[in-house]
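# next come a sequence and a model predicted from it.
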Amino acid sequence: MSESHIDPDARAHSERLQALIRSEIQSAGGAIPFWRFMELALYAPGLGYYSAGATKFGAAGDFITAPELGPLFAECVAEAVVPVLQQLGPQAHFVEVGGGSGRFAGDAITRMAQMDALPARYSILEPSADLRERQGEYLRQRLDASQFRRVHWLERPPQDEWHGVLFANEVIDALPTPRFAIVDGEVMEEHVALDGDGGFKRVDRPADALLSAAVRHVERQLPQPFAEGYRSELLPQLPYWIQAVIGGLRNGAMLFVDYGFARSEYYLPQRNDGTLRAFHRHTVSGNVFANPGLQDLTASVDFTALAEAGTGAGFEFSGYCSQAAFLIGNKLDERLAAHEAGLEDEAALYALRQQAKQLTLPAAMGEGFQAMGFARGVDFEHAFLAGDLSHRL
Ligand SMILES: C[S@@+](CC[C@H](N)C(=O)[O-])C[C@H]1O[C@@H](n2cnc3c(N)ncnc32)[C@H](O)[C@@H]1O
């Protein structure tokens, strides 16, 4: 992000967050783990990227997620999960983790209503107060009153027993991630320290037992050990996060869509500085310390780790495929045809087809993004019949 493009309010905002991070580094004795830096940069109350007011999603924001492109993504997800809701009956719930602008919920609820398959409750689990407010405003306008009454916001995962579907698009990539490095054959954890000029720099400290064990577990599954100096990300807490986020889910399905790789591809020898990156105004940057609070920070998902975490939480693995295969396998062509039938204007038709291309072309979101599902007490394998990739895990 070029310094000259930042307006004075945004700069002052980032400076307040930098002061907070600096004081935490000082009270921690000179360095904090990278994951803590990322947590503050994204979620510090009132100051973090997701907790404060700027527009993040869509053309005017910093990045475009699949639901922001138009209704096709959410409609295909509805096609995939409605059979699960129907198997569970009228008391089934739908929980969306990390609701973004609310656009996904608007399109999914509209499609579920058309299919006569609305869940008893549609809950959005959203830690950011600012986003909860934006989602509420958007959905109040977008939905009719009887649909809107089913929408609830959760600050914490549902603790009471529930049955239904849990869905998360691009949430795991936004979880604060530890970074590790191999130095003199030992596992180190990347920390963030002050560079003497008021900026931040990375320093390595010995990793704790949890991170070391997780790195060695991954390494044992790779064709060769990590080389000296290798650096990447790893989320040892993913199994705990999954168990926490599903809360009291008894029977039902979980569906995760995100960008990432199977483990052997994630930790390729040449990907020796990990997958962490920053986004600002649709530009990707490797400078994750620049202007905290004004840029998104994100790391790709290790889908092998997600498969381990989902099955470790007591669910059966339902399938893993590219986003393109998932959408095509869940009636993308029918949804496209349904929208096309209502359109006469050439520009709108062009935009609709662009939306489908953006979602499915390999060079756009089609291959880099993947979908993975889990189920307990219901069948969810029907959603993954096209293009199974589970042999890669
Ligand atoms: C990249 S955005 C994706 C938003 C939306 N799902 C979409 O596809 O447009 C990440 C979202 O995850 C939320 N989030 C981050 N950590 C979370 C957590 N631990 N639990 C629930 N939501 C979380 C953020 O507040 C934000 O809404």
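Received the coordinates, thanks.

# list the contacts of the one residue in the stretch 1-150 of the chain that gets nearest to the ligand.
Taking CB to the nearest ligand atom as the measure, the stretch 1-150 of the chain has Gly98 as its residue closest to the ligand, at 2.4 Å. (Glycine included, C-beta is placed from N, CA and C.) Gly98 makes contact with Leu125, Glu126, Ala168, Asn169, Glu170, Val171, Ala174, according to CB atoms under 8 Å, 6 or more residues apart in numbering.

# show me the contacts for the fourth one.
Applying CB under 8 Å, 6+ apart to Asn169 gives the contacts Thr65, Ala66, Pro67, Phe73, Gly98, Gly100, Phe104, Phe256, Val257, Asp258.

# return the subset of those residues lying in helices.
For the contacts of Asn169, the ones inside helices are Ala66, Pro67, Phe73, Phe104, with DSSP state H as the criterion.

# compare these and tell me which has the most neighbours.
Among those, Phe73 has the most neighbours (other CB atoms under 10 Å), with 30 neighbours.

# tell me, how many residues neighbour the residue lying closest to Gly247 once chain neighbours are set aside?
The shortest distance from Gly247 to any non-neighbouring residue, by CB to CB, 6 or more residues apart in numbering, is to Pro157 (3.7 Å). As a burial measure, Pro157 scores 19 neighbours (other CB under 10 Å).

# same check on Val288?
21.

# what do you get for Pro225?
13.

# next one: Phe279
Phe279 - counted by other CB under 10 Å - has 18 other residues nearby.

# and the residue of the stretch 201-350 of the chain nearest the ligand?
Per CB to the nearest ligand atom, Val245 is where the stretch 201-350 of the chain lies closest to the ligand, at 6.2 Å.

# how about the strands of the stretch 51-200 of the chain, start to end?
93-97, 121-125, 151-154, 162-169, 179-183, 186-194, 200-206 (DSSP state E, counting those that start in this stretch).

# contact partners for Ile32?
Ile21, Glu24, Ile25, His191, Val192.

# could you redo the last one with a cut-off of 10 Å?
Residues near Ile32 by CB atoms under 10 Å, 6 or more residues apart in numbering: Ile21, Glu24, Ile25, Gln26, Glu39, Leu40, His191, Val192, Ala193, Phe200.

# top of these by neighbour count?
Sorting the contacts of Ile32 by how many neighbours each has (other CB under 10 Å) puts Val192 first, at 26 neighbours.

# re the thing from before, name the nearest residue to the residue of the stretch 201-350 of the chain closest to the ligand, ignoring sequence neighbours.
With sequence-adjacent residues excluded and distances taken as CB to CB, 6+ apart, Val245 is closest to Pro157, at 5.1 Å.

# thanks a lot, see you next time.
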